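Participant: okay, here's the prediction I keep looking at, along with the sequence it came from:
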Amino acid sequence: MDKNKETMIQDLIFEIRGLKVMFDNDLAQLYGVPTYRLNEAVKRNIKRFPDDFMFQLTEAEWKSFLRSQNAISKSNRGGRRYTPFVFTEQGVSMLSSVINSEHAIDININIMRAFIKLRQYVLSWNGKNDQIIELRKLLLLYIETNDKRVNDIIIALNNLLEKPKITKKIGF
């Protein structure tokens, strides 16, 4: 898979309810099927999609997501008539069993690779938490040792702001 396609798929993975998910319309577009067809296939096989594989957003979650993503409806009807379904990594994997085409299989492999890369990134980031904690300690120590000097500067600036220098009047 080329880097552009990999990056494009990673940009379609969002975090909702603490889970990494993909939207039904994004998946449908990747698979080359209309969104309603993807959702029909899922509904025909609903037992394959428990709540930890797929869930429908609430109105509040959907509105919040639209605001946070500055999303604008691209539909001629002014938007979706219902809140979207989102699929976790396991749900996307399960989609491969209900959407059978060569294109869907290729896309599914690419999506799984994108999820794996994100997981690897997160796992590698956890090792850096120790470094961040150490830097925080050093910063707090620096603030403690230099706090008096910074405080003196703030007091001097406040005094300049509060007490304008009295000047003598010139002239009559």
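Facilitator: On my side now, so go ahead.
Participant: which residues of this protein fall in helices?
Facilitator: 3-10, 24-31, 35-44, 59-69, 89-98, 102-126, 129-162 (DSSP state H).
Participant: these: lowest mean pLDDT?
Facilitator: Averaged per stretch, pLDDT over the helices of the chain is lowest on helix 129-162, reaching a mean of 65.
Participant: any idea how far residue 54 lies from residue 116?
Facilitator: 19 Å (C-beta to C-beta, to the nearest Å). Using the backbone N, CA and C atoms, a C-beta is placed for each residue, glycine as well.
Participant: between those two, which one's more packed in?
Facilitator: residue 54 (22 against 11; other C-beta atoms under 10 Å).
Participant: quick check: that one touching residue 42?
Facilitator: Yes: in this structure, residue 54 is within contact of residue 42 by C-beta atoms under 8 Å, at 6.8 Å.
Participant: which neighbours do these two share?
Facilitator: residue 85 (C-beta atoms under 8 Å, 6 or more residues apart in numbering).
Participant: residue 30: neighbouring residues, count only.
Facilitator: Residue 30: 22 neighbours (other C-beta under 10 Å).
Participant: gap between the closest residue to it other than its chain neighbours and residue 94?
Facilitator: Once flanking residues are discounted, residue 30 sits nearest to residue 107: 4.9 Å by C-beta to C-beta, 6 or more residues apart in numbering. Counting by C-beta to C-beta, the gap from residue 107 to residue 94 is 14 Å.
Participant: same question for residue 35.
Facilitator: Relative to residue 94, and taking C-beta to C-beta, residue 35 is found at 17 Å.
Participant: and what of residue 64?
Facilitator: From residue 64 to residue 94 the distance is 26 Å (C-beta to C-beta).
Participant: equivalent analysis for residue 49, please.
Facilitator: 6 Å.
Participant: again with residue 53
Facilitator: From residue 53 to residue 94 the distance is 6 Å (C-beta to C-beta).
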